[in-house]
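*Asks:* My questions are about this predicted structure, shown below with the sequence.
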Amino acid sequence: MKRTFPILAGAALLALTVTACSGEPAQPTPTPAPAPAVTPHTDVPILASFTATDLEGNEIDQSILEDTSLTMVNVWATYCDPCKEEMPDLAQLSNDYDDDEVQIIGLVSDVLNADGTVNQTQVDTAVDLADEAGVDYVNLIPSEYLTQNVLSQIYAVPTTFFVDENGNQVGSVYMGARDAEDWAEIIDSLLEVVA
């Protein structure tokens, strides 16, 4: 019995990973309960004190969160078709909201080598994909902090979560791609939480 649970848990995790980035067209994942029904903030900020580099080589730290009520963090990968299909919708959303209200930050999960060094070929691929999708929001290369504290908890891409201006999580974590309309509904409900 003790061996059955890990095997079942592993099979379930594998099924989630395969479905999140299969070769099938991206389908919106059913939206979880409205954000106000969940605990609005965690006690410990997810993005309290971090530094990273964006795809353009600029140094970014937690101060990027300070002037925006709600930040959407979209974890994606260059190999992930649903991630790539979702990017134009995220680009549209980035332009639909005022900068002091909502911003989107991408976190590219597959641009590091196994030893933690940056894989420039993967970074170039990520830049090309972002350009093709019309993305003008910041996309981060994971730093050690982001790898240990964020990516280590991500089991499938795309995965999206939201934080407030202090880096505290707001609402749920969302696995799977969604279209602009579905994301706007989620964002609008979360804006009420942080207001």
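*Replies:* Perfect, I can see it now. Numbering: from 1, shown residues only.
*Asks:* Which parts of the chain are helices?
*Replies:* In the chain, the segments counted as helices under DSSP state H are 4-20, 81-96, 120-132, 144-149, 180-194.
*Asks:* got the contact list for the third one?
*Replies:* Pointing back at helix 120-132 there. 55, 56, 78, 84, 87, 106, 108, 110, 111, 112, 139, 141 (Cβ atoms under 8 Å, 6 or more residues apart in numbering). C-beta here means a position set from N, CA and C on the backbone, and glycine is covered the same way.
*Asks:* So how do I select the buried members of these in PyMOL?
*Replies:* Buried subset of the contacts of helix 120-132, written as a PyMOL selection, criterion 16 or more other Cβ atoms under 10 Å:
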select buried, resi 55+78+84+87+106+108+110+111+112+139+141
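*Asks:* want to throw the contacts of helix 120-132 into TSV with distance to residue 167?
*Replies:* Formatted as TSV, the contacts of helix 120-132 follow (distance: Cβ to Cβ, whole Å):
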residue	distance to residue 167
55	21
56	22
78	26
84	27
87	24
106	17
108	19
110	24
111	22
112	22
139	18
141	18
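*Asks:* just checking, which of the contacts of helix 120-132 belong to strands?
*Replies:* 106, 108, 139, 141 (DSSP state E).
*Asks:* Can you pull out the low-pLDDT segments for this protein?
*Replies:* 1-44 (pLDDT under 70).
*Asks:* tell me the contacts of the most centrally placed residue in it?
*Replies:* By Cα atoms, centre = their mean, the chain has its centre lying nearest to residue 74, at 1.9 Å. Neighbouring residues of residue 74 by Cβ under 8 Å, 6+ apart: 86, 90, 104, 105, 106, 107, 158, 159, 160.
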